[in-house]
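Visitor: with the sequence up front, the predicted model follows.
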Amino acid sequence: MRSSKSLAIRKENTVQTDKRETHTSSVTPPPLPELQRLQNEVARLAADLRQTQLERDAANAELNRLLTSRSWAVTRPLRGGFTALRLARHALQRLRDAMHRNGGLLPAVRKLIDVVGTEGLSGLRRRLHQAPPAAPVTSAKQWFPIADFLTTIDRQPTDILVPKVLLISEPGGAFADAGDAAQLAEELAQLGVAFENLPWSQPDACLKALATSTAVIMLGVPTPPQATEIIKEAQRLRLPIYADADEPTPGTDIIKWDHHGHRQLMDSAATRRSRKPRILTVNIFYSPRSFGGATIIAEEVNRRLQADDLEISVFAALPTDTVPSYALRRYEVGEISVFGVGMPEALSPLQMFENPGMTAPFQQALEAIQPDLVHFHCVQGIGILPMEQCVTAGIPFVVTLHDAWWLCGRQFMVNRQGVYCNQHSIDLDICARCVDDAALNTYRSERLRQVLDKAQLLLTPSAYFADFYQANGFPAERVRVNRNGVRRPGVSVQRLPSRTPRFGYVGGNDAIKGVNSIITAFRGLPAEAAKLVVVDNTMNLGFSCYAPDRFKGLANVEVVPAYTQATIDEFFAGIDVLLFPTQAKESFGLVVREALARNVWVICSDAGGVVEDILPGENGLIIPMDDDGTALKRAVHDTLAHFRSQGAEYTPPQTRITWFEDQTTELATIYREVLNRTGTQLSG
C-alpha cells in the first residue's frame with residue numbers, strides 16, 4: 001500500500017506545483033447542501049430497492065406471458081425428448097448470454113418476446129443460434145490478450161501525462177523501510193513529480209497504475225510471469241524502466257537502479273508538457289470500437305482538433321475481455337491518447353446514469369491529464385458522476401446532446417409499443433406509464449438536470465434539437481448549435497453506372513427505422529424498375545440481423561455489409577437514392593448528410609433534425625413520419641419518374657453541407673471561448 005507520508009508529500013506537491021489547480025480552487029463552486037445530498041442518497045437507495053422488486057415481478061409476469069402464449073401452446077408437442085433437451089440446454093446458455101448483453105433478465109425476456117412476435121419461433125431459434133457468446137470477464141492477472149489496437153505507443157508519456165514515478169518494490173527489499181520511499185517521494189516532489197509506491201504482491205494494482213505513470217522503478221523483481229506482464233506493459237507504454245537487476249527478464253531494456261540511474265531519473269522525470277490547451281473527450285465508444293454516429297463525430301473532430309494546436313485525450317469504455325472491470329488501459333489512435341476503462345456489459349438502469357465504479361478510473365485519468373476543459377458526448381454506462389468530479393476539481397466542461405437520453409428514460413423517445421411518443425415538452429407523468437420504474441425515472445431526471453445545469457455550454461447537432469432542449473427548460477443562452485459535420489467525398493469518386501435505379505437502406509431490422517414500410521413500398525416493383533440495397537450492420541460480426549425470408553416477395557434485393565469511413569464513397573457511388581423512413585424524430589441523421597454530400601437523392605420522413613438539409617423536389621422528398629408505406633411507395637414512384645425525366649446521367653444538385661473541418665473550426669472557437677470566460681489557466 002502507498003504510505004501515508006508519501007501520500008501527504010504528493011498532496012503537498014500537487015498544491016505547490018499545479019498553478020492551474022491553485023487558480024481554480026478559489027472559484028470552485030460550493031458542494032450541494034448537505035440536506036439535498038442526503039435526500040438524493042435516500043432517493044437513490046429507495047429507487048434501487050424498488051427497481052429490484054419491480055424487475056423480479058415484471059420478469060415473472062413476462063415469463064408467464066411467454067409460457068401461456070399461443071405459440072408456446074401450439075409447439076408443445078415438439079418440445080420433448082432428447083433433442084428438445086439438447087436444444088433447451090443450448091438456448092439456456094444463449095439466454096444467459098442475452099441477459100449479460102441486455103442488462104438483466106427482464107430486458108432479455110422482453111427482447112425474446114419481441115422477436116417471437118415479429119419473426120416467430122423460427123426467428124427466435126435463428127437469433128439464439130447466431131448470437132455470439134458473451135465475453136468472459138477475465139481476471140486482472142490475465143488482462144493482456146493480443147489485440148491489434150493495443151500496440152506499442154509512439155508518443156512519449158511525458159508528452160501527454162503529468163510526471164509521475166511508480167515504484168514497485170518487494171517487501172523486505174531495498175525499499176522495505178517506508179522512510180526510503182518517502183525520501184524518494186520528497187526528492188521527486190521538489191521537482192514537481194508525483195510518486196506512487198506499490199508492492200509486487202499487488203500485481204493488479206501495479207498494472208492499473210502503469211496507465212498513468214511516466215516512469216517505473218522495479219526493485220526485488222519476482223519470478224515471471226508475474227513480472228513479465230508488468231514489464232511488457234511498461235514497455236508498450238514506452239515507460240523508462242529502472243531496476244536493481246541488469247536484465248530481470250530476457251529481451252528487456254532495463255536501466256540499472258544505482259547512483260547513475262538515480263541521477264538519470266531525476267534529470268528526466270520532471271520533463272514538462274507543452275502548454276497547448278488540453279481537452280479531454282468522454283464518450284462510451286471510441287476507435288477501434290467505432291459504433292454509432294456520435295462516435296464517428298467525436299473521432300473525426302478530435303483528429304482535426306489534435307492537428308489544430310490542441311492536445312486531445314479520450315476517456316472511453318472497453319469490453320472486459322480486454323480490460324478488467326473499471327481498470328484503465330492506455331492506447332493511441334493516431335496522435336490521440338485514449339484511456340480505455342473496462343465497463344461490465346450487465347449494468348442496472350441506475351448504473352447506466354450513476355455508476356460509482358467509474359469514479360476511481362476517471363479520477364486517475366483526470367489527475368494524469370489535468371485537462372483545461374472536458375467535453376462529454378454519450379455517457380451511457382459511464383454516467384454523470386465524472387461531471388461532478390470536474391466540478392469538484394474546478395475544471396469546466398461542455399456536453400454535446402447527441403440524443404434524447406438526457407430527457408427520456410428510454411433514450412430515443414420510443415414507448416413500450418415501439419412507437420415514437422411525440423412529446424416535445426417532457427411530462428414525467430406520461431413517462432411514468434412508459435418506463436419500468438417511475439420513481440427511478442423521476443430521480444434520474446432530477447440528477448441529469450443537476451449536472452447539465454453545471455455545464456458551461458450545452459451543444460446540439462441541429463437547430464431542431466436546440467429547440468427541443470430549450471422547450472424543456474434549458475436557457476437559450478446556454479444551448480448552442482454545433483452542427484455535425486460529414487467527411488468530404490473523395491475527388492475521384494464517380495457514381496457507378498446502372499440501368500436500374502438503386503435504393504439504399506442502412507437503418508437495420510427495426511420497425512421504428514421504417515424497414516416494414518420499405519418492404520411494403522417495394523412489393524410489386526419489377527426487378528428492372530428498381531433495386532433495393534440493404535446494409536446489414538451485423539454481417540461484419542459474422543451473422544445477419546435479417547431472416548433469410550425477410551425480403552421475400554421483393555423482386556430485386558441485395559444485402560451488403562456495413563460501410564466504414566474508409567469505404568463510404570464506394571458505397572454511395574453504388575446507389576442512386578437513400579431511403580430514411582424513420583418513424584422517430586432524430587437529432588441529426590448523419591447518413592442523410594453523407595448521402596447528400598455525395599449527390600445521392602434522399603427520401604426521408606419528417607423526423608426533426610433529419611430534414612434540415614433536404615430541399616423537397618431538388619435533392620430529395622419528405623414523407624410523413626407515421627407513414628405505413630403508402631407515402632413511401634408514392635415517393636419511390638415519383639423519384640423514378642423524376643429520374644426518367646432528367647435523363648440517364650442525372651445527379652441531384654450539390655447541397656450545402658457542414659464538413660468535419662467546419663465543425664472542428666467552430667468547436668475549437670467554442671473551447672477557447674469557454675476557457676477565456678472561465679479564466680482557466682492552461683496546464684503546463
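Guide: That came in fine, so what should we check first? Residues are numbered from 1 along each chain as shown.
Visitor: where do the helices sit along the stretch 301-450 of the chain?
Guide: Read by DSSP state H, counting those that start in this stretch, the stretch 301-450 of the chain holds these helices, from start to end of the chain: 359-369, 385-393, 428-432, 438-452.
Visitor: out of the ones you listed, which is the most enclosed?
Guide: Here the criterion is mean neighbour count by mean count of other C-beta atoms under 10 Å, and of those the winner is helix 359-369, at a mean of 21. For every residue, glycine as well, the C-beta is placed using N, CA and C.
Visitor: now the angle between helix 385-393 and that one, please.
Guide: Between the axes of helix 359-369 and helix 385-393, defined by axes from the mean of the first three to the mean of the last three C-alpha atoms, to 10 degrees, the angle is 50 degrees.
Visitor: tell me how far helix 359-369 lies from the chain's centre.
Guide: Between the mean C-alpha point of helix 359-369 and the mean C-alpha point of its chain there is a distance of 18 Å (C-alpha atoms, centre = their mean, to the nearest Å).
Visitor: adding distance to Leu590 and mean pLDDT, write the helices of the stretch 301-450 of the chain out as CSV.
Guide: Below are the helices of the stretch 301-450 of the chain laid out as CSV (distance: least, C-beta to C-beta, whole Å; pLDDT from 0 to 100):
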stretch, distance to Leu590, mean pLDDT
helix 359-369, 28, 97
helix 385-393, 25, 98
helix 428-432, 27, 94
helix 438-452, 23, 97
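Visitor: Gly490 is nearest to which of these?
Guide: Closest of those to Gly490 is helix 359-369, at 35.0 Å (criterion: C-beta to C-beta).
Visitor: who are the packing partners of the closest one?
Guide: Identification of packing neighbours for helix 359-369 by 3 or more C-beta pairs under 8 Å, 6 or more residues apart in numbering; DSSP states H and E yields strand 278-282, strand 311-318, strand 328-333, strand 336-342, helix 385-393.
Visitor: ok, and what's touching the shortest one?
Guide: It refers to strand 278-282. Defining contact as C-beta atoms under 8 Å, 6 or more residues apart in numbering, one finds that strand 278-282 is touched by 298, 302, 305, 310-316, 365-366, 369-377, 379, 382, 386, 671, 682-683.
Visitor: list the buried residues of that strand.
Guide: Residues of strand 278-282 classed as buried under the neighbour-count rule (16 or more other C-beta atoms under 10 Å) are 278-282.
Visitor: tell me the one of those residues nearest Gly409?
Guide: Proximity to Gly409 was ranked across the buried residues of strand 278-282 by C-beta to C-beta; first place goes to Val282, at 21.3 Å.
Visitor: so that closest one bridges to which residues?
Guide: Residues found in beta-bridge contact with Val282 (criterion: DSSP bridges) are Phe315, Phe376.
Visitor: and if you look at Glu586?
Guide: Under DSSP bridges, the residues paired with Glu586 across the bridge are Gly608.
Visitor: next up, the contacts around it.
Guide: When contacts are counted by C-beta under 8 Å, 6+ apart, Glu586 touches 403, 607-610.
Visitor: now do the same for Leu532: helix, strand or coil?
Guide: At Leu532 the chain is in strand, as set by DSSP: H, G, I helix; E, B strand; the rest coil.
Visitor: I figured it hits Arg550, correct?
Guide: No - with contact defined as C-beta atoms under 8 Å, Leu532 does not count as touching Arg550 (11.4 Å).
Visitor: and these two? which has more neighbours close in?
Guide: Comparing Leu532 with Arg550 by neighbour count (other C-beta atoms under 10 Å), the higher total belongs to Leu532, at 24 against 18.
Visitor: name the nearest residue to the more buried one, ignoring sequence neighbours.
Guide: Setting aside the residues directly before and after it, Leu532 is nearest to Val557 in space (C-beta to C-beta, 6 or more residues apart in numbering), at 4.8 Å.
Visitor: also Ser213?
Guide: Take Ser213 and drop its neighbours on the chain: the residue closest to it by C-beta to C-beta, 6+ apart is Leu166, 4.1 Å away.
Visitor: pretty sure the one you found sits in a strand.
Guide: Yes - secondary structure of Leu166 (three-state DSSP): part of a strand.
Visitor: return the residues in contact with it.
Guide: 196, 198, 206, 209-210, 213, 215-217.
Visitor: and for Ala511, the neighbour number?
Guide: Ala511 sits with 14 neighbouring residues when counted by other C-beta under 10 Å.
Visitor: surely it is in contact with Tyr420?
Guide: No - between Ala511 and Tyr420 no contact is recorded; they are 11.2 Å apart, counting by C-beta under 8 Å.
Visitor: so where's the stretch 351-500 of the chain uncertain?
Guide: Using pLDDT under 70 as the threshold, the predicted model of the stretch 351-500 of the chain has low-confidence ranges 492-493.
Visitor: go with 80
Guide: 491-497 (pLDDT under 80).
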